[in-house]
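Asker: my questions are about this predicted structure, shown below with the sequence.
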Amino acid sequence: MRKLITYFIKYHVAVNIFILAFIGFGILGILSLKSSFFPLVESKIINISVTYPGASPQEIEEGIVLQIEDNLKGLKGVDRVTSVSRENSGTITVETEKGENIDFMLLEVKNAVDRVPSFPSGMEPLIVAKQEVVRETISFALSGDNIPLATLKQLGRQVENDLRAIEGISQISISGYPDEEIEIAVNEISLLAYNLTFTEVSQAVSRANILTTGGTIKTDAEEYLIRANNRSYYGDELSNIVVRATNDGKVIRLKDVAIIRDRFSETPNATYYNQNLSVNITVTSTNNEDLISSAENVKRILKDIIKSIIMYN
């Protein structure tokens, strides 16, 4: 210690350099800190999502979940595997041991899932992803007097797009409205008049509303992927579906035997603010995002949106 003090007394310039370096590294450290309500914790959970439309919980359990769990047995770094099978879907939760690299374990779990020889036909692609640790940053509601829920949803999507354009904001969720659906109300009298059955109408809609792949075509120069994309997302796109075409040229379309309209599903998911319908938007932050700066950016964007609405009106 005495030699160190003697050195600094003899070379006083080194003291100034040391102090400046200390201050510089301190400022750099402050600027790189991430603000948070609670200590940052790395995720150690990997989720495998299964979607199999029309399948019972038993079919999902026996045909999919058990095969994946068998491949996960004995995988190094896995602490516990739990699963839940539901109608049309299922979830497998993989908990990794403390100290394991979550990104490496994610790759190992994906490899284990890929080793399953076959899955039932009709099952949608599996989703394997790590569970991100998020913290609520800011939440707000969009509401107004006599504004339809569809308009509020559209405004909410516009606000979401504006917020996602900001650097440091990636996790945004919108709630307050039920899922949208297309209602096809078949008229029984029209079916009898055209000598049709409900099954024919259902099959016509299924055949005309598809999204699937048809294999590949290989040439000496390139490889082409065949894909059929004819899925409709709005009711008016389904109106002209041909239900039956006769030899004499007569065509019966879906709009001739049914009423098609876009609507919200009959679930009580609507929310209210000051007795008016509202859409709630919640912004959350990951470990790589700063909570305070994200909240300030959201407030700034909201002020600009409010100003633009006032000017428009």
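Answerer: Cool, the structure landed.
Asker: looking at it, Ile217 is touching Glu223, isn't it?
Answerer: Yes. Using C-beta atoms under 8 Å, Ile217 makes contact with Glu223 at a distance of 7.2 Å. Bear in mind the C-beta positions are built from the backbone N, C-alpha and C, glycine included.
Asker: which stretches of the stretch 1-150 of the chain form helices?
Answerer: Along the stretch 1-150 of the chain, counting by DSSP state H, counting those that start in this stretch, helices occupy 2-10, 12-32, 57-60, 66-72, 102-114, 149-164.
Asker: elements contacting the longest one?
Answerer: The reference is to helix 12-32. On a contact count with 3 or more C-beta pairs under 8 Å, 6 or more residues apart in numbering; DSSP states H and E, helix 12-32 meets helix 2-10.
Asker: mean confidence for the helix it packs on?
Answerer: When pLDDT is averaged over helix 2-10, the result is 71.
Asker: on that earlier part again, who wins for proximity to Ile172 among the helices of the stretch 1-150 of the chain?
Answerer: Nearest to Ile172, of all those, is helix 149-164, at 5.3 Å by C-beta to C-beta.
Asker: what residues does the closest one touch?
Answerer: Helix 149-164 is contacted from outside by 142-144, 169-170, 172, 174, 176-177, 264, 270, 277-279, 281, 283, 298, 301-302, 305, using C-beta atoms under 8 Å, 6 or more residues apart in numbering.
Asker: hmm, which of the residues you listed are the buried ones?
Answerer: Buried residues within the contacts of helix 149-164, counting neighbours by 16 or more other C-beta atoms under 10 Å: 142-143, 169-170, 172, 174, 176-177, 264, 277-279, 281, 283, 298, 301-302, 305.
Asker: if we can go back for a sec, for Asn47, find the nearest of the helices of the stretch 1-150 of the chain.
Answerer: In terms of C-beta to C-beta, the element of those nearest to Asn47 is helix 102-114, at 9.7 Å.
Asker: quick revisit: turn the helices of the stretch 1-150 of the chain into CSV, including distance to Val78 and mean neighbour count.
Answerer: Output for the helices of the stretch 1-150 of the chain, formatted as CSV (distance: least, C-beta to C-beta, whole Å; neighbours: other C-beta atoms under 10 Å):
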stretch, distance to Val78, mean neighbour count
helix 2-10, 51, 9
helix 12-32, 33, 10
helix 57-60, 21, 17
helix 66-72, 6, 17
helix 102-114, 7, 16
helix 149-164, 34, 15
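Asker: make TSV from the ones you listed and add distance to Glu132 to it.
Answerer: Shown next, in TSV, are the helices of the stretch 1-150 of the chain (distance: least, C-beta to C-beta, whole Å):
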stretch	distance to Glu132
helix 2-10	47
helix 12-32	21
helix 57-60	25
helix 66-72	21
helix 102-114	10
helix 149-164	16
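Asker: of all those, which one is nearest Leu238?
Answerer: Here helix 149-164 is closest among the helices of the stretch 1-150 of the chain (C-beta to C-beta), at 18.4 Å.
Asker: please name the nearest non-neighbouring residue to the residue nearest the centre of the chain.
Answerer: Geometric centre of the chain, nearest residue: Ser173, 9.0 Å, by C-alpha atoms, centre = their mean. What sits nearest to Ser173 in space, not counting adjacent residues and going by C-beta to C-beta, 6 or more residues apart in numbering, is Thr282, at 5.0 Å.
Asker: cool, Gly215 as well?
Answerer: Among residues not flanking Gly215 along the chain, Ile226 sits closest, at 5.5 Å (C-beta to C-beta, 6+ apart).
Asker: what's the host helix or strand of the one you found packed up against?
Answerer: Secondary structure assignment for Ile226, by DSSP states H and E: strand 223-229. Of the remaining helices and strands, those touching strand 223-229 by 3+ C-beta pairs under 8 Å, 6+ apart are strand 211-218.
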